[in-house]
Structures are given as C-alpha cells and as structure tokens.
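[1] I need the structure of the sequence given here:
(one chain, ligands or ions: 1)
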Amino acid sequence: MDEKQRIMQLRDELHRHNYNYYIKNAPVISDQQFDELMDELMRLEARHPELADDTSPSVRVGSDLNHEFVQVTHTRPMLSLGNTYSRADVEAFWQRTSEALGGAPFAVCCELKFDGLSIALHYEHRRLVRAVTRGDGVQGDDVTDNVKTIRSVPLQLPAGCGCPDDFEIRGEVLMPWQSFERLNAEREAIGEQLFANPRNAASGTLKSKNSAVVARRRLDAYLYYVLGENLPYSTHFERLQAAAQWGFKVSAHAKLAHSVDEIFEYIDYWDIHRRELPVATDGIVLKVNDLSQQLALGTTAKSPRWAIAYKFKAERALTRLNEVTFQVGRTGAVTPVANMEPVLLAGTVVRRASLHNADIMEQLDLHLGDRVWVEKAGEIIPQITGVDLDARHDNPNLGDKVKFIDHCPECGSPLVRYPGEAAHYCPNDTQCPPQLKGRIEHFISRDAMNIDSLGPETVDDYFERGLIRDAADLYNLTTADLQGDGGTRLRSAQKVIDALEASKQVPFERVLYALGIRFVGKVAAKSLARHFGSMTALCQAETEAMLEVEGIGEVIASSVHAYLAEPRNRQLVERLAQAGLQMEAGKQALASDALLGKTIVISGTFAHHSREEYKTMIEAHGGKNVGSISKKTSFVLAGEGVGPSKLDKATKLGVPLVAENEFLAMLGDE
Ligand code: IVH
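    Residues are numbered from 1 along each chain as shown. Model prediction:
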C-alpha cells in the first residue's frame with residue numbers, strides 16, 4: 001500500500017473511531033491506539049501536502065490562526081420557539097393544534113431542550129461545508145473552523161450512509177458539565193472571571209477567534225432538525241432516526257406522544273432524570289410529528305405554530321437571609337456571600353450563595369432577615385433570585401438593607417473599583433492576608449510547582465506562625481521551623497523540605513505560571529517561556545515584543561509587563577532564582593538558538609529532510625512550528641509546490657519565504 005492509500009485508509013478509520021467514541025459512546029480501540037493512528041496520519045499528511053483535505057480527522061486540533069467571522073444568510077430563517085411554563089399551556093397547545101388540524105389525529109415528538117446555542121450545519125456530498133450560528137435568525141456567523149474541532153460533529157459521513165447530496169441539519173452546541181467545570185477551575189486559577197453557566201461558556205467558546213482554543217475546551221453537539229428537499233420521510237421522528245443512521249449525534253431520548261397525558265409523563269420523567277445527563281437542559285420541546293401537518297399549521301413571524309418549548313421550573317426554595325459576608329480572593333477581588341438558613345434544594349442542603357458583585361446585590365435590594373428565593377443555576381451554584389416582598393410586611397425581625405462594604409474585611413484598606421469591571425478589589429496586595437496566602441496556594445498547586453505535601457491548611461498554618469509571607473519564603477524553611485509548636489513530626493517535615501527541593505527542577509514555564517500573574521494561564525506561560533527563553537529576557541521585553549508571541553494579546557501582555565515592572569515582584573523573582581528555581585527554558589537541550597523566538601510555518605515538499613524532521617529541527621534550534629500563517633509568523637519554510645493560498649497570504653502579510661537550502665544554511669548546514 002502506498003502512502004496515499006494509507007492516508008485514505010487512516011482517514012476512514014479515524015472517522016469511524018470518532019463516531020464510535022463520540023456518538024455511539026462505544027469505542028473499539030484504546031485512546032492510545034487512537035492517538036497512534038492520528039499521529040501516523042498527521043505525519044503522512046505533512047509529507048503529502050498535495051493530499052490536504054479540510055475534512056480530514058486531523059483538522060480537529062484546530063488552528064492558532066485568528067480570524068474574523070463572515071456573516072452568512074440562512075437558507076431558511078432560524079426561528080425560535082414559543083415558551084410555556086405550565087401544564088395548562090401544554091394542554092392549550094394540544095387543543096389549538098387539534099382544532100387547527102380539523103380534529104385529525106396527530107402525534108407530538110417530545111424532545112429534550114438542550115441549553116446551548118443553535119447551529120446550522122451544511123453538508124454537500126457527505127462533507128461538512130459550512131457551520132453557521134443562529135445570529136439574528138436571518139444571518140449568522142460562519143464558524144466552520146471552530147465547529148470542525150467538535151469531535152461529535154461528523155466532518156465526513158460514511159459512504160453509502162444514505163444521506164442526500166445536499167442538506168442542512170440544525171442542532172445545539174453545548175459545553176458538557178465536565179468540560180465546564182474543568183474550564184472554570186482553570187479560569188479560577190488565573191484569576192479570570194468564571195462563566196456563569198455552560199451556555200455562556202459554549203457561546204464564548206464558539207465565538208472564539210482561535211479554533212485551537214475551541215478544540216481544547218471540548219464542546220459537544222446534538223442535532224435535532226433536518227432540512228432538505230425530497231427527503232423520503234414524512235415525519236420529523238423518521239428524519240431524526242435517519243440523521244442518526246447517517247452518523248449524527250441525535251439524542252436517544254426523543255419520544256412520540258399521542259395524548260397530552262403521554263406528554264406529561266415525558267415531562268415528569270425528564271424533570272427528574274435530566275440531572276443525570278452530561279449536558280444542561282432547560283426544558284422539553286414538543287413538535288407535531290407529521291411534516292404535512294407541520295406545513296398546514298405554518299409559522300408566525302417568530303416561531304412555528306407546530307412546535308413549542310416547555311421550560312422546566314427552576315428548582316427554588318424560600319429561606320431566610322441571616323448575614324452577608326465578604327470574601328477576598330487571591331487577586332484581591334471581593335465577593336459578597338449570602339449566609340442563609342439551611343434549606344433543601346434539588347437534593348442538597350444549601351446554606352450559602354454567591355451574590356457576585358455590588359450591582360447584583362443592589363438589584364436584589366436585600367435586607368437582613370428577608371425571605372429570599374434560592375435557585376440552583378445550572379444545578380450547581382446556588383443563587384438568590386429574588387426577595388419575597390410580601391413577607392416583609394409582617395416580619396418583625398427585618399433588619400437593615402445590606403450594603404456593600406467600602407473597606408477590605410481582612411486588612412481594612414479602602415476598596416477600589418476599576419473602570420469597566422464589576423468587582424471591587426482590595427488594592428493592598430502586599431499585606432492583605434488572603435491575597436498573600438492565595439498566591440502561595442496557587443504557587444504550590446498541581447499545575448504550578450506541584451508541591452503536593454503542602455496544602456491550603458499547611459500554608460495557613462505556616463502563615464499564621466509567621467514562617468512565610470510569600471513563595472520565596474518557602475525555600476528558607478527548615479525542618480526545625482516546620483516541627484515548631486504545631487507538633488508536626490520530623491518525617492512529615494522532611495517530606496515538605498524534600499518536595500520543595502524537588503520543585504527546583506520544575507521547568508521555567510511552570511515557574512512562570514506559578515507566579516500567578518493575572519491572566520497568565522498555563523498556555524500563555526508556556527508560549528512566553530518558549531518565546532523568550534528566560535526570565536531575564538522576559539523582564540527586558542516591552543509589551544510590543546510580547547504581542548509578537550502566538551496567543552498573547554493586549555490583556556496578557558500588559559499584565560505581564562505591569563507585574564515585572566513592579567520592584568517588589570522583581571525581588572520575589574530574584575529570590576526564587578537565588579533559591580535555585582528554573583528561570584530558563586530547557587536551553588541545554590537546544591542545538592543552537594539560531595531560531596530563538598521565531599515562529600515558522602512549513603509548506604511544500606522538501607528534498608533533504610521530511611517535514612517531520614524539519615519540525616524537530618525548528619524546535620531544537622529554539623523556534624516554534626505553527627500550522628498557519630499570521631502576522632506573527634517570522635517566515636515560511638517553503639519547499640516545492642507551496643499552495644497558492646499560502647503564497648497569497650504570506651505576500652499579503654509581508655511574511656518572507658525561506659527556501660530549503662537557505663534554511664539549512666541558517667542552522668549551519670546540518
Ligand atoms: S427545534 C423551528 N429542538 O431552543 C424549530 N430547538 O427557543 C427549531 N433548542 O433556537 C428549534 N433543544 O436553540 C429544537 N430539541 C430541540 C431543542 C431546541 C434546544 C433550542 C434551539 C432554539 C431554541 C428555541
């Protein structure tokens with residue numbers, strides 16, 4: 001078999017494994033085997049740019065290329081659904097439909113209402129050609145590159161699957177609970193605002209201008225509406241089943257109902273069991289099943305008359321507000337927290353709820369002793385959604401209106417509010433205890449220095465005992481200090497000291513992340529560390545130089561610059577360096593630094609080495625290989641037959657082309 005055939009075979013196989021894993025939930029090979037096949041495909045594709053295919057399974061990794069979205073007009077408007085909240089509304093829908101159909105029998109397809117954002121996918125000859133967001137219903141954004149990274153969206157449907165040549169399928173893009181929780185944990189670690197629910201997170205992600213970011217965030221998609229001419233099906237339900245046959249992820253929970261009672265059964269069941277689903281749902285959708293009946297019922301300007309959404313009642317409970325306390329985080333952000341009389345909500349006892357910020361608190365107009373409504377937003381984070389005003393009249397225990405504080409509850413500094421930000425901050429980042437402790441906790445956390453024999457309680461203990469005020473103090477600790485009066489035994493004290501010693505080998509990129517510079521997550525720290533190579537170089541860099549780095553924008557660059565401009569922070573870094581922490585990227589492994597800080601795109605075919613070898617060489621000489629040309633690209637390593645679109649782009653952005661021999665000369669003729 002030649003390489004071309006092998007590429008085709010691998011693509012087919014990987015499409016199939018993707019389907020087994022992400023749609024059928026029944027993988028037949030291990031993750032490792034999957035990765036090996038994918039690696040082999042990517043290696044072969046790199047050697048055969050002439051076989052490039054934009055629906056290859058390898059496009060799932062996304063690209064670092066930034067792009068603006070193009071607006072596309074929908075083939076047919078994307079309507080919304082009328083909302084109902086009560087059983088009476090559902091009965092009225094049934095009645096209305098029955099009358100409009102002149103008393104003819106009809107069935108209703110009951111489906112879950114997925115809580116994400118809608119998407120329209122276009123397929124031509126079994127290939128995904130376009131994905132468009134709902135937008136205003138008439139026009140949406142072309143987000144094809146981003147959608148291609150969603151593993152459950154087929155890029156190519158299997159041959160002979162029976163799908164039409166040209167059709168559109170609509171559905172919902174979602175962020176599963178698991179991805180959502182992971183994302184928020186990461187954002188918390190870098191002091192970024194959390195997403196309130198998976199819908200906002202999915203929407204923010206899908207509109208990201210960088211598809212590699214989308215790929216990392218692990219979105220999912222369920223499809224629920226097929227549009228196309230001349231499809232051989234007369235009902236919506238059959239179309240759903242057909243779509244599942246063709247290879248789409250279609251919810252297995254759609255069910256036909258032939259009476260209002262059957263609809264209520266469906267509602268009652270899913271109102272409870274939706275908590276077991278991996279994604280958020282906020283109701284159910286009822287659709288008249290027969291397509292000719294749908295046509296007869298027609299649509300209004302905004303929504304079809306043949307469908308309606310029943311929204312689940314948010315689970316809520318009434319309880320008493322006892323107190324509002326204020327928490328100070330690592331970044332100094334102050335969060336108001338409501339402390340309430342314990343109340344049972346969706347199976348757990350709730351005592352506390354975040355009030356988010358001063359504006360939200362003000363809108364609620366809370367008084368101590370108020371009876372408040374508590375809801376579970378997205379089933380996890382309890383929130384106060386309102387005050388029972390009637391209960392105020394005869395409440396002898398009603399206290400004062402709750403006010404946001406103007407001084408830090410921990411250190412007494414006057415709070416500040418930056419323009420455009422919702423949060424209040426305690427500016428005393430040099431002395432305010434929770435800020436100091438929070439920064440040390442971040443420093444030792446797993447993704448940072450990974451000093452796992454220390455935890456928040458130990459940090460708290462050392463801090464209270466005056467042993468540490470910042471991360472560098474950790475490296476002056478002795479076993480005698482740790483044994484102290486806390487009664488820690490020698491063995492565990494020694495364990496801590498050993499772990500601190502071992503952390504001196506943690507690579508520079510993680511040391512940089514561990515500093516806890518605002519907005520600098522793991523990925524940004526890695527890019528900066530690789531690009532600049534050392535703390536010294538980074539300290540000398542101007543903001544403009546940082547903007548040259550892939551994935552680093554204004555916000556991160558100014559934050560890093562401001563951090564390093566602060567003498568106190570420079571001292572901390574200096575002391576950490578003295579202690580022996582890695583302040584240089586693994587330079588010893590570099591063959592040379594001929595390409596240090598250079599971002600290079602490889603294109604075409606080569607005479608002396610394979611693309612894969614060139615990739616390795618670029619990294620060995622300090623450069624970075626990326627997939628697509630942007631204004632940050634230093635040059636294109638151009639072999640035979642560079643594609644016309646790449647040439648065009650390079651010319652437009654003024655990115656130089658470097659020929660193979662020229663490149664080898666740069667590295668001292670390998
Ligand atoms: S059908 C014309 N089915 O709910 C009918 N929509 O308020 C088009 N949604 O914009 C929609 N789950 O984003 C349909 N099973 C489902 C759905 C669903 C969620 C969303 C969709 C739509 C919104 C309507």
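[2] From here on, just use CA atoms for contacts and neighbour counts.
    OK.
[3] List, one by one, the residues from this structure near the ligand.
    In this structure, the chain approaches the ligand at residues 79-81, 111-115, 117-118, 172, 224, 285, 304, judged by C-alpha under 6 Å from any ligand atom.
[4] The closest residue to the ligand within the stretch 101-250 of the chain: helix or strand, and which one exactly?
    Residue nearest to the ligand within the stretch 101-250 of the chain (C-alpha to the nearest ligand atom): Lys113, separated by 3.4 Å. Of the helices and strands defined by DSSP states H and E, Lys113 is found in strand 108-114.
[5] which helices and strands does that strand pack with?
    If you count contacts as 3 or more C-alpha pairs under 8 Å, 6 or more residues apart in numbering; DSSP states H and E, strand 108-114 packs onto strand 255-257, strand 281-288.
[6] Export those strands as TSV, with columns for mean pLDDT.
    Converted to TSV, the helices and strands packed on strand 108-114 look like this (pLDDT from 0 to 100):
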stretch	mean pLDDT
strand 255-257	97
strand 281-288	96
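[7] Need these in CSV (columns: distance to Gly162).
    Shown next, in CSV, are these (distance: least, C-alpha to C-alpha, whole Å):
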stretch, distance to Gly162
strand 255-257, 23
strand 281-288, 25
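[8] Give the full set of residues in contact with the residue nearest to Lys311 when sequence neighbours are not counted.
    On the basis of C-alpha to C-alpha, 6 or more residues apart in numbering, the spatially nearest residue to Lys311 that is not a chain neighbour turns out to be Gly283, at 4.1 Å. By C-alpha atoms under 8 Å, 6 or more residues apart in numbering, the contact set of Gly283 is Leu112, Lys113, Phe114, Asp271, Ala309, Tyr310, Lys311, Phe312.
[9] Just name the most buried of the helices and strands packed on strand 108-114.
    For the helices and strands packed on strand 108-114, average neighbour numbers computed from mean count of other C-alpha atoms under 10 Å are highest in strand 281-288, which has a mean of 23.
[10] Average pLDDT for the following helix or strand past that strand, rounded please.
    Helices and strands here follow DSSP H and E; after strand 281-288, the next one along the chain is helix 291-297. Per-residue pLDDT values over helix 291-297 give a mean of 95.
[11] residue boundaries of the helices in the stretch 51-200 of the chain?
    Taking DSSP state H, counting those that start in this stretch as the test, the helices found in the stretch 51-200 of the chain are 87-100, 144-147, 177-189, 198-206.
[12] Just send those helices back as CSV, with mean pLDDT, distance to Pro49 and mean neighbour count too.
    CSV is the format used below for the helices of the stretch 51-200 of the chain (pLDDT from 0 to 100; distance: least, C-alpha to C-alpha, whole Å; neighbours: other C-alpha atoms under 10 Å):
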stretch, mean pLDDT, distance to Pro49, mean neighbour count
helix 87-100, 96, 56, 15
helix 144-147, 94, 19, 25
helix 177-189, 86, 33, 18
helix 198-206, 90, 28, 21
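[13] what stretches of the stretch 501-650 of the chain score poorly on pLDDT?
    Per-residue confidence for the stretch 501-650 of the chain (pLDDT under 70) gives these ranges: 587-590.
[14] Do a quick rundown of the strands in it.
    With DSSP state E, counting those that start in this stretch as the definition, the stretch 501-650 of the chain shows strands at residue ranges 599-603, 624-626, 635-638.
[15] Please determine how far Leu528 is located from the ligand.
    Computed as C-alpha to the nearest ligand atom, to the nearest Å, the Leu528 to the ligand distance reads 39 Å.
[16] repeat for Glu375
    Applying C-alpha to the nearest ligand atom to Glu375 and the ligand gives a distance of 21 Å.
[17] Tell me the secondary structure at that residue.
    Judged by DSSP: H, G, I helix; E, B strand; the rest coil, the three-state class of Glu375 is strand.
[18] Count the residues that sit near it.
    With neighbours defined by other C-alpha atoms under 10 Å, the count for Glu375 comes to 24.
[19] Model confidence for Ala196, exactly?
    Reading off the model, Ala196 has pLDDT 74.
[20] That one: how many residues sit nearby?
    Residues within reach of Ala196, counting by other C-alpha under 10 Å, total 13.
[21] The stretch 301-450 of the chain: strands as residue ranges?
    Counting by DSSP E, counting those that start in this stretch, the stretch 301-450 of the chain has strands at residues 307-311, 316-328, 333-345, 348-354, 371-377, 381-387, 424-425.
[22] shaky segments in the stretch 101-250 of the chain?
    Applying pLDDT under 70 to the stretch 101-250 of the chain picks out no residues at all.
[23] that older thread, turn the contacts of Gly283 into CSV, including neighbour count.
    Supplementary listing: the contacts of Gly283 in CSV, determined by neighbours: other C-alpha atoms under 10 Å:
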residue, neighbour count
Leu112, 24
Lys113, 19
Phe114, 24
Asp271, 18
Ala309, 22
Tyr310, 22
Lys311, 18
Phe312, 18
